[in-house]
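Student: need coordinates for the following:
(one chain, ligands or ions: 1)
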Amino acid sequence: MRVLVISDIHGNLEAFETVLEFARQEGGFDEIWCLGDVVGYGPNPNECIARLRQFRHVCVLGNHDAAALGRVNVEDFNPEAQEAILWTQNALTRPSRAYLEALPERLQIGDYTLVHGSPRDPVWEYILHPNTAHAQFDHFDTPVCLVGHTHVPAIYHHFLSNGRPVTTWHYPEPGEVYTFHDPDRWIANPGSVGQPRDQDPRAACVLLDVKERRWMYHRIPYNIERTQYLMQQAGLPHRLIVRLAYGW
Ligand code: ZN
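Tutor: Alright, predicted model coming up:
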């Protein structure tokens, strides 16, 4: 089975459509695994949910999805994010809301655990450093855990070195193919579709050969100006519009 692994679409339909078209041209996929934050920041939250639902897919709950449902205190977010959350809460249709309400925080599919943030704290914790990653391996049972949330593509590799468990990290290059081989364990982040934060503004995605555990990581340019225009029309905060062009 071939899966399109994506995360953090953040209401950016332009980026999402570009990723879907890219994946189609690369030979297609059987289903989508989405690691949360379908909404928040971007101008098309309802359209992104509706588009995702046209595919066979699974999705876990992200912190922005939870915030859009009013489940968390918006004060926990920075001012621009707060403004975007309030905008999104207001924009969400009843079917979109119902869809987000039903999202699980964690899924296990064969060799893979899926969460938005971390297996230890599925909706909120950021895995940005090997030390944080190292502490996660007691909190899931599968060989591989897939996470999003940081908007930075990364792979954390957990293995025994002279009998001691160690965790190393790797930032993959676009086009790179990486294999999760036995008996080691892994945490992998596909990066963000709709708001990359690794200084590369291109949309990120992964095509995963589930059985062979082959992680094929890609970056795809999309029409950023179009998304920025729609954000402007929607009255979303200026800083959020500007940052898309820089990938931060
Ligand atoms: Zn996010």
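
Student: how far away is the residue lying farthest from the centre of the chain from the ion?
Tutor: Distance from the C-alpha centroid of the chain, by CA atoms, centre = their mean, peaks at residue 162 (34.2 Å). Separation of residue 162 from the ion (CB to the ion, to the nearest Å) stands at 38 Å. Bear in mind the C-beta positions are built from the backbone N, C-alpha and C, glycine included.

Student: report how many residues lie close to the nearest residue to residue 7 once chain neighbours are set aside.
Tutor: Using CB to CB, 6 or more residues apart in numbering and skipping residues adjacent in sequence, the residue nearest residue 7 is residue 148, 2.8 Å away. Using other CB atoms under 10 Å, residue 148 has 29 neighbouring residues.

Student: look up how far residue 181 lies from residue 148.
Tutor: 23 Å (CB to CB, to the nearest Å).

Student: repeat that for residue 150.
Tutor: 24 Å.

Student: so these two - more neighbours on which side?
Tutor: Shown here are residue 150 and residue 181; by other CB under 10 Å, residue 150 has more neighbours (19 against 12).

Student: pretty sure that one is in a helix, no?
Tutor: No - Residue 150: not assigned to a helix; according to DSSP: H, G, I helix; E, B strand; the rest coil it is coil.

Student: now do the SS call for residue 114.
Tutor: Per three-state DSSP, residue 114 ends up strand.

Student: quick check: closest non-adjacent residue to it.
Tutor: Nearest residue to residue 114 in three dimensions, chain neighbours excluded: residue 107, at 4.3 Å (CB to CB, 6+ apart).

Student: tell me the backbone dihedrals of that neighbour, please.
Tutor: Torsion angles at residue 107 (phi, psi; degrees, to the nearest 10) stand at phi -130, psi 150.

Student: residue 208 now?
Tutor: phi -110, psi 120.

Student: number of residues surrounding the nearest residue to it once chain neighbours are set aside?
Tutor: Spatial nearest neighbour of residue 208, excluding adjacent residues (CB to CB, 6+ apart): residue 3 at 4.6 Å. When counting by other CB under 10 Å, one arrives at 22 neighbours for residue 3.

Student: any idea whether residue 3 is helix, strand or coil?
Tutor: Using three-state DSSP, the structure places residue 3 in strand.

Student: could you pull out the helices for the chain?
Tutor: With DSSP state H as the criterion, the chain has helices at 13-25, 45-53, 63-68, 79-91, 94-101, 130-134, 224-234, 238-243.

Student: tell me the contacts of the residue nearest to residue 208?
Tutor: 29-33, 207-208, 210 (CB atoms under 8 Å, 6 or more residues apart in numbering).

Student: residue 22 contacts residue 221, doesn't it?
Tutor: No - at 9.7 Å, residue 22 does not count as touching residue 221 under the criterion of CB atoms under 8 Å.

Student: looking at the two, which is more packed in?
Tutor: Shown here are residue 22 and residue 221; by other CB under 10 Å, residue 22 has more neighbours (18 against 12).

Student: hmm, residue 188 and the residue nearest to residue 7 touching each other?
Tutor: No - between residue 148 and residue 188 there is no contact under CB under 8 Å: 10.2 Å.

Student: which residues of this structure lie near the ion?
Tutor: 8, 37 (CB under 5 Å from the ion).

Student: quick test: name the residue nearest the centre of the chain.
Tutor: residue 7 (1.7 Å).

Student: next, it: phi, psi?
Tutor: phi -150, psi 160.

Student: quick check: it touching residue 35?
Tutor: Yes - Residue 7 is within contact range of residue 35, at 3.6 Å (criterion: CB under 8 Å).
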